[in-house]
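Peer 1: Give me a 3D structure for the following:
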Amino acid sequence: MSAHRFLILAMVLATLALAPVANAELAVSANDNKVVLVNGRGTVVQNPPPDTVAIIDLKASPPRVLATLEAGKSPAGVSINRHGTLALVANRGDGTVSVFTIQGKTVTPAGTVKVGDEKAGVSHVAIAPDGKSALVTRDGDNQITLLAIDGKDLQVFELTGTTLRDTGAEGGPAAIRTAEE
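Peer 2: From the prediction side, this is the model:
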């Protein structure tokens, strides 16, 4: 395992150890494979492998990586629906959201949805509590995109007139959360 992947896995496990107990059995972690740590310094990988998501079994002791699946370019924010049957991954580098279906401990790629261009800065996705929609933040163009969810199929809705006002902070919305039911 590369130092970069080990560092990401360690951060995920530390976060999980400090987080409240949840009913989920799996974690989905985004892995941008363009930089690795070499002797404590970030080093750009020449001809990097495709970016991935790691599927982590949280019930195993210690937790272990079950699978590594390809995602879009520069995966960032990840959300799993309340039923644990669908995971969405925001891909910063290509303006897309990757869709993964979940059955037990098996996670399967189910497609990709374009929500903006490469400069949109797709950074996070949050699935609504009812599982029928999701919000996607785009910090490169200060937009939020609405997705309608029907099983594993997503439909993109352009929200006209929803450019977020300039708050004076650098960048746009980087993360989002939906209200609890």
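
Peer 1: Tell me which residue is most central in the chain.
Peer 2: Centroid check for the chain by Cα atoms, centre = their mean gives Val78 as the closest residue, at 2.5 Å.

Peer 1: How about residues contacting the helix or strand that one falls within?
Peer 2: Val78 is part of strand 75-80, with elements assigned from DSSP states H and E. Around strand 75-80, the neighbours that count as contacts under Cβ atoms under 8 Å, 6 or more residues apart in numbering are 24, 26, 28-32, 51-53, 86-92, 98, 102, 122-127, 134, 137, 175. C-beta here means a position set from N, CA and C on the backbone, and glycine is covered the same way.

Peer 1: filter the residues you listed to the buried ones?
Peer 2: 26, 28-32, 51-53, 86-92, 98, 102, 122-127, 134, 137 (16 or more other Cβ atoms under 10 Å).

Peer 1: about what we covered before: among the contacts of strand 75-80, which are located in strands?
Peer 2: 26, 28-31, 52-53, 86-91, 98, 102, 122-127, 134, 137 (DSSP state E).

Peer 1: Is it correct that Gly131 is in contact with Leu86?
Peer 2: Yes: assessed by Cβ atoms under 8 Å, Gly131 is found in contact with Leu86 at 7.3 Å.
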